[in-house]
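In: model the structure of this input:
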Amino acid sequence: MHKIDEIVKNADYELRTIFDGLDSIEYTNTLKVLKAFNENKISEAHLQGTTGYGYGDIGREAIEKIFASVFKGEDAIVRSQFISGTQTISTCLFGILRPGDTVLSINGKPYDTLDEVIGIIDNPSSLKAWGINYEHVELKDGKFNLSEIIKRVSKNDIKLIIVQRSRGYLYRDAFTIEELENVFNEIHKVNNTAYIMVDNCYGEFTDTREPIEVGADVIVGSLIKNPGAGIAKTGGYIVGKKVLIEYISDRYSAPGLGKEGGASFNHNREILQGFFMAPHTVNQALKTAVFSAYCLEKLGYEVSPKYNAKRSDIVQMIKFNDPEKLVKYCQGIQAMSPVDSHVKPMPWDMPGYTDQVVMASGAFTAGSSIEISCDGPIRPPYVAYQQGGLTYQSGKLAVINAINAIN
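Out: Sure thing, here's the model as predicted:
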């Protein structure tokens, strides 16, 4: 038997205990979501949409109550008008911060697409251009540098502390809920005035608790990642303290308009159904990631997380140290995708990124990261960032095809 075939044959048997644990997380999260739907008495009327100004949209209002309930916030704004996680985060930052304020990232520099939002790369519309100061504390061995964080936040001149839960294009683990809880507790001991914001993209429903439950004031995410389950076609969410949602809503619309308007068109059904399916779909994506890590570890590749490690996002990193293998692996994923399987992804100058990026995304919704996808910047050490899988079996087939493409 070929070595790859033998590894695949043994995988599900070897992974059964890990998969049982993921099923338990899904069960807990499904119960939370179902309870929120029941408490808000969701009916056919909530599945309909509105046009124009969108006033009195009972479906939209129910969606925001459900997100707030499940993610343990006081209020929420959930809108299809958010075109990406980056825009949603940007709206959050500009909503909370004012000229002269300081924002501190405690996990080093945030994700590449925020460089121009912050002003790390000059842009006349950035936070920097509006007189908002930015600082960051570098990680230490891929973990929070707690002593440096406490030293900086104890000065009590920080308005907003930001954390990126997932890894972005860094070769590090996602921060677990327990790690977030520990650093937030230590921050609160020396500073009780700064707000804490978590970029929750890729992390929703990977654990039984979310960042607000361990001390965050506001969380932000995209509906074409975990919470949309491949059903929501676009959109983003922000959940947190009521006062912060009020500030952010005025930035989303206009001062004085807040979140009372905003047509939902025909998206309420998709957002509600997607959120209902999200715990299950995230479980399928996690199983796909675990399977890929197991197989590639057995073949001698360096992966992160390891197949048996605790996970806090749906992303699986594979280090190739070879640009050709990175591209071929992505092409293998694309070739076993349900949409555009005939397309061969090649490195290109993707907007918002400083390096060329190769991206496999044969998805029903363009750019949907909860559907099987794989991408990576063309720079050493040539790491593939794989995420998603609407079903474990389809994700498994895509991974097997990608492995065969590089061997």
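In: for N145, see how far away the spatially most central residue of the chain is.
Out: Centroid check for the chain by C-alpha atoms, centre = their mean gives C201 as the closest residue, at 1.5 Å. Distance of C201 to N145, computed by C-beta to C-beta, to the nearest Å: 23 Å. All C-beta atoms are positioned from the backbone trio N, CA, C, and that covers glycine.
In: which helix in this structure has the most residues?
Out: Secondary structure of the chain per DSSP state H: the longest helix is helix 268-298.
In: packing partners for the following helix or strand past that helix?
Out: Counting by DSSP states H and E, the next helix or strand C-terminal to helix 268-298 is strand 302-304. For strand 302-304, the packing partners by 3 or more C-beta pairs under 8 Å, 6 or more residues apart in numbering; DSSP states H and E come out as helix 268-298, strand 315-319.
In: so for the first one, what gets flagged as buried?
Out: Residues of helix 268-298 classed as buried under the neighbour-count rule (16 or more other C-beta atoms under 10 Å) are 268-272, 274-298.
In: quickly list what V358 is bridged to.
Out: The bridge-partner assignment for V358, based on DSSP bridges, gives G376.
In: the longest helix of the chain to strand 315-319, inter-axis angle?
Out: Direction vectors for helix 268-298 and strand 315-319, defined by axes from the mean of the first three to the mean of the last three C-alpha atoms, to 10 degrees, enclose an angle of 30 degrees.
In: tell me the helix or strand right after the helix or strand bottoming out on mean pLDDT in the chain.
Out: When each helix and strand of the chain is scored by mean pLDDT, DSSP states H and E, helix 3-14 comes last, with a mean of 91. Sequence-wise, the next helix or strand downstream of helix 3-14 (DSSP H and E) is helix 16-39.
In: what does the helix or strand that comes right after that next one contact?
Out: As assigned by DSSP H and E, the chain's next helix or strand after helix 16-39 is helix 58-71. With contacts defined as C-beta atoms under 8 Å, 6 or more residues apart in numbering, helix 58-71 is touched by 32-33, 35-37, 39-40, 42, 45-50, 54, 73-79, 204, 210, 212, 219, 227, 237, 239, 259, 262, 264, 268-269, 271-272, 275.
In: now for the helix or strand that Q87 is a member of, which elements pack on it?
Out: For Q87, the element it lies in under DSSP H and E is helix 85-96. Judged by 3+ C-beta pairs under 8 Å, 6+ apart, helix 85-96 is in contact with helix 115-118, strand 160-164, strand 195-199, strand 218-222, strand 236-240, helix 242-252.
In: of those, which is nearest Q331?
Out: Ranking those by proximity to Q331 (C-beta to C-beta) places strand 218-222 first, at 25.1 Å.
In: check which helices and strands that closest one is in contact with.
Out: Contact here means 3+ C-beta pairs under 8 Å, 6+ apart; on that basis strand 218-222 packs against helix 85-96, strand 195-199, strand 236-240, helix 242-252.
In: which of those is buried the deepest?
Out: strand 236-240 (a mean of 29; mean count of other C-beta atoms under 10 Å).
In: would you map out the domains in this protein?
Out: Under automatic domain parsing, the residue ranges defining each domain of the chain are 3-28+276-406, 48-275.
In: related to what we said a few turns ago, give me every residue that touches the residue nearest to the centre of the chain.
Out: C201 neighbours (C-beta under 8 Å, 6+ apart): G85, R165, S166, V220, G221, S222, K225, N226.
In: so what's the second one up against?
Out: Right, R165. With contacts taken as C-beta under 8 Å, 6+ apart, R165 has the following neighbours: A174, F175, L180, V198, D199, N200, C201, Y202, G203, P211, S312, D313.
In: now the fifth one
Out: Applying C-beta under 8 Å, 6+ apart, we find G221 in contact with G85, T88, D199, N200, C201, G203, E204, P227, G236, Y237.
In: any chance of the residues you listed in JSON lines, plus distance to P338 and pLDDT?
Out: Shown next, in JSON lines, are those (distance: C-beta to C-beta, whole Å; pLDDT from 0 to 100):
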{"residue": "G85", "distance to P338": "23", "pLDDT": "94"}
{"residue": "T88", "distance to P338": "27", "pLDDT": "98"}
{"residue": "D199", "distance to P338": "29", "pLDDT": "98"}
{"residue": "N200", "distance to P338": "27", "pLDDT": "98"}
{"residue": "C201", "distance to P338": "23", "pLDDT": "96"}
{"residue": "G203", "distance to P338": "25", "pLDDT": "98"}
{"residue": "E204", "distance to P338": "23", "pLDDT": "98"}
{"residue": "P227", "distance to P338": "21", "pLDDT": "98"}
{"residue": "G236", "distance to P338": "24", "pLDDT": "98"}
{"residue": "Y237", "distance to P338": "26", "pLDDT": "98"}
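In: between these, which is closest to L104?
Out: Checking those one by one against L104 (C-beta to C-beta), the nearest turns out to be D199, at 13.9 Å.
In: ok, that closest one touching I162?
Out: Yes: the criterion here is C-beta atoms under 8 Å, and D199 meets it with I162 at 7.0 Å.
In: which neighbours do the two share?
Out: P110.
In: picking up where we left off before, I'd like the helices and strands packed on helix 85-96 laid out as CSV, including distance to P347.
Out: Formatted as CSV, these follow (distance: least, C-beta to C-beta, whole Å):
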stretch, distance to P347
helix 115-118, 20
strand 160-164, 24
strand 195-199, 26
strand 218-222, 24
strand 236-240, 28
helix 242-252, 35
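In: for E138, which of these is the nearest?
Out: Each of the helices and strands packed on helix 85-96 has some distance to E138 by C-beta to C-beta; the shortest is strand 160-164, at 13.3 Å.
In: and the contacts of that closest one?
Out: 93, 96-97, 101-107, 110-111, 153, 175, 180, 183, 187, 194-199, 211, 216.
In: tell me how far N29 lies from A278.
Out: According to C-beta to C-beta, N29 and A278 sit 8 Å apart.
In: tell me, what's touching the two both at once?
Out: Common contacts of N29 and A278 (C-beta under 8 Å, 6+ apart): F205.
In: got the contact list for M277?
Out: Shown in contact with M277 (C-beta under 8 Å, 6+ apart): A229, G230, I231.
In: from L390, how far off is it?
Out: M277 sits 9 Å away from L390, going by C-beta to C-beta.
In: quick check: neighbours shared by the two?
Out: Common contacts of M277 and L390, defined by C-beta under 8 Å, 6+ apart, comprise A229, G230.
In: hmm, T354 is touching T113, no?
Out: No: contact criterion C-beta under 8 Å: T354 and T113 do not qualify, at 10.4 Å.
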